[in-house]
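Give me a model of this one.
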Amino acid sequence: MLIRNAAWSFGAQIVRLATALLLILLLDPAARGFQNLLVLLPTLLASLTLLGVSHATPVLLHRGVSEQRLLGNLLGLGLCVVGVVSVGLLPLLPLAANFLSGEYRVTSIDVLLGMLLLPPTLLGDYLRSLLAARRDLRSVAVTQSVQAVAQLIFALVLVVLLGWGPLGAVWAVVLGGWCSFGWTVWAVRRLGSLRPRLDRDVLRPLLELGLRGHVGNVVQTFNYRLDVFIVQGFLGQAAVGLYQTGVFLAEVVWYIPNAISSALLPQVAATGSSQATPRVVRHTLLLTALGAIGLISVVWPGLALMRPIYLPAVAPMAVLLVGVVALSVHKVLASDLSGRGWPQYPSFTSTLALIVTIGGDLLLIPRYGILGAALASTLAYLIQTLVLLRIYTRVVEVGWRELLIFRRDDLQLYRRLVLRRGGATR
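Numbers count the residues shown, from 1 in each chain. Sure thing, here's the model as predicted:
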């Protein structure tokens, strides 16, 4: 089941990749930076206000809380958070518009347009946490695929046919988010009533458990995205467009560990442990490293042929890949520990990495531009992974060799898969 669920999640990421590549082909770096900044702001806010429900929901479900009660309370909590955040942000729109402006002027209306992505993103994440807790990652992947396909269609219509430029790309992302949310509501309707609820005996353990891991989610989100705003502050929208392209391409190889970790967490939460985790870590590390090598060999000639204006993104992408490969191990171990009810350990390592990221960004970005941002992130990812690896080997009592060193029976697994595939094609 773990492999099947991971495959569904991986398939959704491939669709998203095609959509993002189209926008890279349609927009120059400054326009891409404009679009990324307006979309990143609500996406970041959604991550910061998720409150750890994605980690807490599977634990509560397997402790006996019914799906119907969880559904109503997740919806009620999400609506409350969306309302509070939306009202609090309205006075800050002019300030945000001024900071995000660059080659393309950003108005308060532009920021408000981007903020329309907040409700479907946050509420969708809350509801999908229940689907993931049920290990129904097929439905989760479908909602993600709907979003990517909708974004692709809207981008073709608004940017290519109507010529709306980067603003049309923002509209495409917003409309795609609402399409995904509609599909998510349709997917969860069978689990119970969609009437919002606020039951103290459900919300209290949900938040107590969720907030323990939410600190890690918050700082990890900053680790991933804070450097984009620092790049904007020092270098402007065109640099953001180039850097985000490098980040996006490097994170392509995360499709594998993201898919595996999203499937692993509910499995560990259901069983209380996972003897398969060491093998999962070894295979994830190998596949991610191979993916990074393959990506480097494809991206440079691809950009040189199709979009040479984005070639400055190749160097930061190559630097980031070192940290991305290392952090693939962290992703799997963090899911295992969170599923066991120990989210505080990933929270600690993420906090440590954030300190390194901020210090590195402020020191290196003014000197080396977007390459400095990539260097800071890679250093943070390496430290974060090494510390969590040390913690995991102690609390779970698994040797680091078992986690990282490939074995002969691992190779035999690939041989069996190849032979099975060969037999199936005859």
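
buried set for the helix or strand encompassing residue 297?
Element membership of residue 297 [criterion: DSSP states H and E] is helix 277-306. Neighbour counts over helix 277-306 (16 or more other CB atoms under 10 Å) mark 277-289, 291-292, 295, 299, 303 as buried. Backbone N, C-alpha and C define where each C-beta goes, glycine included.

just checking, what packs against that helix?
helix 237-250, helix 255-271, helix 314-339, helix 400-404, helix 408-424 (3 or more CB pairs under 8 Å, 6 or more residues apart in numbering; DSSP states H and E).

Can you list the low-confidence ranges for this protein?
1-13, 15, 213, 216, 255-256, 258-275, 408-426 (pLDDT under 70).

could you redo the last one with a cut-off of 50?
Along the chain, the parts satisfying pLDDT under 50 run over 265, 269-273, 417-418, 421-426.

what helices or strands is the lengthiest helix in it leaning on?
Determined from DSSP state H, the single longest helix within the chain is helix 200-235. Counting contacts by 3+ CB pairs under 8 Å, 6+ apart, helix 200-235 packs against helix 29-48, helix 53-61, helix 67-89, helix 93-100, helix 237-250, helix 344-368, helix 370-395.

Can I get those in a markdown table including distance to residue 149?
Below are the helices and strands packed on helix 200-235 laid out as a markdown table (distance: least, CB to CB, whole Å):
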| stretch | distance to residue 149 |
| --- | --- |
| helix 29-48 | 17 |
| helix 53-61 | 23 |
| helix 67-89 | 24 |
| helix 93-100 | 28 |
| helix 237-250 | 18 |
| helix 344-368 | 32 |
| helix 370-395 | 30 |
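
Export the ones you listed to a markdown table and append columns for mean neighbour count and distance to residue 162.
Output for the helices and strands packed on helix 200-235, formatted as a markdown table (neighbours: other CB atoms under 10 Å; distance: least, CB to CB, whole Å):
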| stretch | mean neighbour count | distance to residue 162 |
| --- | --- | --- |
| helix 29-48 | 23 | 15 |
| helix 53-61 | 26 | 36 |
| helix 67-89 | 18 | 28 |
| helix 93-100 | 16 | 23 |
| helix 237-250 | 25 | 21 |
| helix 344-368 | 19 | 36 |
| helix 370-395 | 21 | 31 |
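
List just the one of these that sits closest to residue 178.
Each of those has some distance to residue 178 by CB to CB; the shortest is helix 29-48, at 12.2 Å.

Dump the closest one to PDB, restricted to CA.
Below are the C-alpha coordinates for helix 29-48, written out as PDB (Å, rounded to 0.1, in the frame of the first residue of the first chain):
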ATOM      1  CA  PRO A  29      12.100  36.200 -15.200                       C
ATOM      2  CA  ALA A  30      10.600  39.500 -14.000                       C
ATOM      3  CA  ALA A  31       7.100  38.500 -14.900                       C
ATOM      4  CA  ARG A  32       7.700  35.100 -13.300                       C
ATOM      5  CA  GLY A  33       9.000  36.800 -10.200                       C
ATOM      6  CA  PHE A  34       5.800  39.000 -10.100                       C
ATOM      7  CA  GLN A  35       3.600  35.900 -10.300                       C
ATOM      8  CA  ASN A  36       5.600  33.900  -7.800                       C
ATOM      9  CA  LEU A  37       5.600  36.700  -5.200                       C
ATOM     10  CA  LEU A  38       1.800  37.200  -5.400                       C
ATOM     11  CA  VAL A  39       1.100  33.500  -5.200                       C
ATOM     12  CA  LEU A  40       3.800  32.800  -2.600                       C
ATOM     13  CA  LEU A  41       2.300  35.200   0.000                       C
ATOM     14  CA  PRO A  42      -1.100  33.400   0.500                       C
ATOM     15  CA  THR A  43       0.600  30.000   0.100                       C
ATOM     16  CA  LEU A  44       3.000  30.900   2.900                       C
ATOM     17  CA  LEU A  45       0.200  32.200   5.100                       C
ATOM     18  CA  ALA A  46      -1.700  28.900   4.600                       C
ATOM     19  CA  SER A  47       1.300  26.900   5.700                       C
ATOM     20  CA  LEU A  48       1.800  29.100   8.700                       C
END
